[in-house]
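A.B. asks: One predicted model, sequence on top.
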Amino acid sequence: MDLHFGDSKPTDEERAAVDALLGPPESSWEGADRSDADLRWARGGRSARDRRDLLLPGLHALNDRIGWISEGALGHLCRRLTVAPAEAYGVATFYAMFSLRPRPATVLHVCTDLACTVAGADGLCSGVESRLGPGSGVSVERSPCLGLCERAPAALVIRAGDPVRTAVSAPATVEAAVHAASAPDSAPGEPPAARAVPQAGDPSLVLLRRVGVVDPSSLDDYRAHGGYSALRRAFELGPAGVIREITDSGLAGRGGAAFPTGRKWQATASQPDHPHYLVCNADESEPGTFKDRVLMEGDPYALVEAMTIAAYATGAHTGYLYLRGEYPRAMRRVRHAVEQARARGLLGDDVLGQGYAFDIEIRRGAGAYICGEETALFNSIEGYRGEPRAKPPFPVEKGLFGRPTVENNVETLVNVLPILTMGAQAYAAIGTRTSTGPKLYCVSGSVERPGVYELPFGATLGELLALAGVRPGLRAVLLGGAAGGFVRPDEMDVPLTFEGTREAGTTLGSGVVMAFDDTVPLPRLLVRIAEFFRDESCGQCVPCRVGTVRQEEALHRLAQRSGAAAADDLTVLREVGRAMRDASICGLGQTAWNAVESAVDRLGAYE
């Protein structure tokens, strides 16, 4: 490997940030004080390369401490990990939350995505930018969805330092956002996680029954409310018995693909290659999605227990929890839960005294929607750009670090607990024959009671929106987020199941339900969706890299044209959309045209 380092040197603070993560350098090859004798031979190259997966945490360490990543700091990190600077530069520039140019220590991220746009994000951005101009010591950045849709419009403050400080303002006003940016330590605290669950306290709830009932910081409280009974049941059944229960329950993945979870677990467990890995995908970045955030904030020990069960069933001894960087409170809650579980013998070398070893490493994302795709997530953890891999081989054969890997999102894993405590047959009796169990829905937009709702599969869209309280003048409902599709107000009888939404010509996705009344300009929403996909495309394949740009350009023109010119742009949109759907390497490009197509064909957006 040819390593080309520049002449820039890290500051003492930058060096300290990296060394706090990696430990002090052992030789001049890793950046220690120069010694001629030391440079006569290379030491530690192989072990340093084996730590390539610490590149993303190292970038976070620098960005958290300084607020941006200088050339000297990047070079020092590269020396420590024996990573070519050009490769590290490619990784650092891949993520929206990092900056390789000087900026103030305080960054105010203001969400401009769909729910926040409906709630007045444009006015909020303009007001904040006029108050916090040059010289304010605050960098204002317009951000994609922050996962706070039930409290739109939203803003997130991150102030670099040791320690890094964060503050959330949601619902945000100009005054509240400016105050949070100026003094994050004195900003009002966030409301309890239960505030995002309008059904909180309902005894019929299954997945959300502990949110608002237990203290999310207390392991004892969690165990007093049934915690860790599912893990004990798993040890009684054995790995094969657990997989059999999951298979018999009919549990399908809740991230959007709806792949049978039991089949995935069985395929991973049966692989002769070792070690096996478990990855929890908590990087929910789909605009309108926030259910996983609420679960992690309100019931973090449930996720730790569920990950332990999944790992036990599939033969994994190490699990990675990849949590999106825009969720500071969820990060604190889950990190505390992992530490407490480890201290009490529920993680570590001998889980519950059963002779089974398992532990969890938490990795923080840095603002990349594409990392919700499983193989892109693996690349991100390994220290590479978060670009999807070609399949096959599939992750169950060669996933993280080239080993058999099972990957599930937070909601999918949390479903494992009631399956084991109530039994597969009782769980399968909830919902429909082909879509079993309860489902979480993220409802936002033009409703009176936005939040996370739990309903059995088979409930209709109208029943869900009745719970949320739709405002008068409903114009459209977006199912599945930016990658989903619109339905009309007269289609409220659509059953919320995988097969029901498919038959209706739309998708359930991860459970996003966004309502828009007739005050919302539909063409502007479509432009925002196109902007989102253009920004989030990883650029690896031509159909997506070029197609998302052409789609946005055509939608901008359509907003100002009519007649024959508009018809031409609609033709371009269809051709580009088909090309992206047929030829893109991953789901981002394949679904980037879905919402636009449904708005044109079902809603007559440009008639």
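C.D. replies: Yep, it's here.
A.B. asks: is it true that residue 408 touches residue 310?
C.D. replies: Yes. If you go by C-beta atoms under 8 Å, residue 408 and residue 310 touch, sitting 6.6 Å apart. The way it works is simple: take the backbone N, C-alpha and C, and place the C-beta from them, glycine included.
A.B. asks: List the neighbouring strands of the helix or strand where residue 277 lies plus their orientation.
C.D. replies: Element membership of residue 277 [criterion: DSSP states H and E] is strand 276-282. Within its sheet, and counting by DSSP bridges, strand 276-282 is paired with strand 316-323 (parallel), strand 405-409 (parallel).
A.B. asks: hmm, who's touching it?
C.D. replies: 255, 268-269, 292, 296, 303, 307, 310-311, 314-324, 327, 330, 334, 372, 374, 377-378, 381, 399-401, 403-410, 413 (C-beta atoms under 8 Å, 6 or more residues apart in numbering).
A.B. asks: Can I get the buried part of the residues you listed as one ChimeraX selection?
C.D. replies: Buried subset of the contacts of strand 276-282, written as a ChimeraX selection, criterion 16 or more other C-beta atoms under 10 Å:
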select :255,268,269,292,296,303,307,310,311,314,315,316,317,318,319,320,321,322,323,324,327,330,334,372,374,377,378,381,399,400,403,404,405,406,407,408,409,410,413
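A.B. asks: Now render the strands paired with strand 276-282 as CSV, adding distance to residue 429.
C.D. replies: Formatted as CSV, the strands paired with strand 276-282 follow (distance: least, C-beta to C-beta, whole Å):
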stretch, distance to residue 429
strand 316-323, 30
strand 405-409, 22
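A.B. asks: Would you tell me which of these gets closest to residue 218?
C.D. replies: strand 316-323 (20.0 Å; C-beta to C-beta).
A.B. asks: Pull the residues that contact the closest one.
C.D. replies: Residues outside strand 316-323 that contact it (C-beta under 8 Å, 6+ apart) are 268, 275-283, 296, 303, 307-308, 310-311, 330-331, 334, 338, 357-365, 371, 377, 380-381, 400, 406.
A.B. asks: For residue 370, give me phi and psi.
C.D. replies: Residue 370 adopts backbone torsions of phi -60, psi -20, taken as degrees, to the nearest 10.
A.B. asks: how many neighbours does it have?
C.D. replies: 26 (other C-beta atoms under 10 Å).
A.B. asks: give the contact list for it.
C.D. replies: Residue 370 neighbours (C-beta under 8 Å, 6+ apart): 376, 386-388, 536-538, 586, 588.
A.B. asks: And the pLDDT at it?
C.D. replies: Residue 370 is assigned 96 on the pLDDT scale.
A.B. asks: CA atoms of the one helix or strand residue 516 maps to as PDB?
C.D. replies: Applying DSSP H and E as the criterion places residue 516 in strand 512-517. What follows is strand 512-517, C-alpha atoms only, in PDB (Å, rounded to 0.1, in the frame of the first residue of the first chain):
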ATOM      1  CA  VAL A 512     -44.400   5.300   7.500                       C
ATOM      2  CA  VAL A 513     -47.900   7.000   7.200                       C
ATOM      3  CA  MET A 514     -47.700  10.700   6.400                       C
ATOM      4  CA  ALA A 515     -51.000  12.600   5.900                       C
ATOM      5  CA  PHE A 516     -51.100  15.800   3.800                       C
ATOM      6  CA  ASP A 517     -54.000  18.200   3.700                       C
END
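A.B. asks: Which strands and helices lie in contact with that strand?
C.D. replies: When contacts are defined as 3 or more C-beta pairs under 8 Å, 6 or more residues apart in numbering; DSSP states H and E, strand 512-517 sits against helix 114-118, strand 438-445, helix 461-468, strand 474-479.
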